[in-house]
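J.: Just the structure for this:
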Amino acid sequence: MAAFSLQNQVLAILLFALLSFKATSASHDHDHHHNHHGLKSIHFSLFQHETINKTGYIIVSGVAGPEVGQTTTPFGTLFAFQDPMTATANRSSKLLGIAEGTSITSSLDGLRAISIAKITLRLKNHKGSISIVGGTHNIKPSDHPVVGGTGDFLFVQGYVTSSPVDLEGITVVYKIEFHLYWPPYAAQVSHS
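T.: Numbering: from 1, shown residues only. All right, here's what the predicted structure looks like:
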């Protein structure tokens, strides 16, 4: 139950993973490339699946506020996760990434957290990771800035939006929309 709220916090991570990804169809294993005024960009969506006591765990219980519930955890709760990210909301769809990180419940109502995540992506034309940070709301969409990247995502900028899709049951699902942009100098560095 606690993982549900923390997952949303973290998955906003996405992750987590946060980057301006837009869902354009039921299948999200494709991406859209744009080149506006010298800025290369990519926008896509993935789905993060967090299973309590399998891919997400409470490491330290909080000290005040609501009890651990489906969407809340006590203030100060430390949560860690390593969640699969798939092309669709169906867990058996194609695995395209892994979101790993942590969140700390930062509000006394138990609905908000500070989240940090590294999202490793294995897309058709891009491989590497992005790092995100930010505040996550457990039951509402949350934007997380991208603060770095590796591999094909070196120098990437942008944000990811984490939105709850299914908060019922032992596995919770978040839609992670990526909005990624490369500055002009990134192309020069990658070709050197």
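
J.: mind listing the strands for the protein?
T.: In the chain, the strands defined using DSSP state E lie at 32-36, 39-51, 56-60, 78-86, 95-105, 112-122, 127-137, 142-151, 157-166, 171-182.

J.: Redo those strands as TSV? Include mean pLDDT and mean neighbour count.
T.: Heads up, the C-betas are built off the backbone N, CA and C, glycines and all. Below are the strands of the chain laid out as TSV (pLDDT from 0 to 100; neighbours: other C-beta atoms under 10 Å):
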stretch	mean pLDDT	mean neighbour count
strand 32-36	55	10
strand 39-51	94	23
strand 56-60	93	16
strand 78-86	97	22
strand 95-105	97	24
strand 112-122	97	24
strand 127-137	97	22
strand 142-151	97	20
strand 157-166	96	22
strand 171-182	96	25
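
J.: Now distance to E67 too, for the ones you listed, in TSV please.
T.: Formatted as TSV, the strands of the chain follow (distance: least, C-beta to C-beta, whole Å):
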stretch	distance to E67
strand 32-36	43
strand 39-51	19
strand 56-60	12
strand 78-86	15
strand 95-105	12
strand 112-122	16
strand 127-137	19
strand 142-151	23
strand 157-166	20
strand 171-182	18
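
J.: out of those, nearest to V68?
T.: Checking those against V68 by C-beta to C-beta gives strand 56-60 as the closest, at 7.2 Å.
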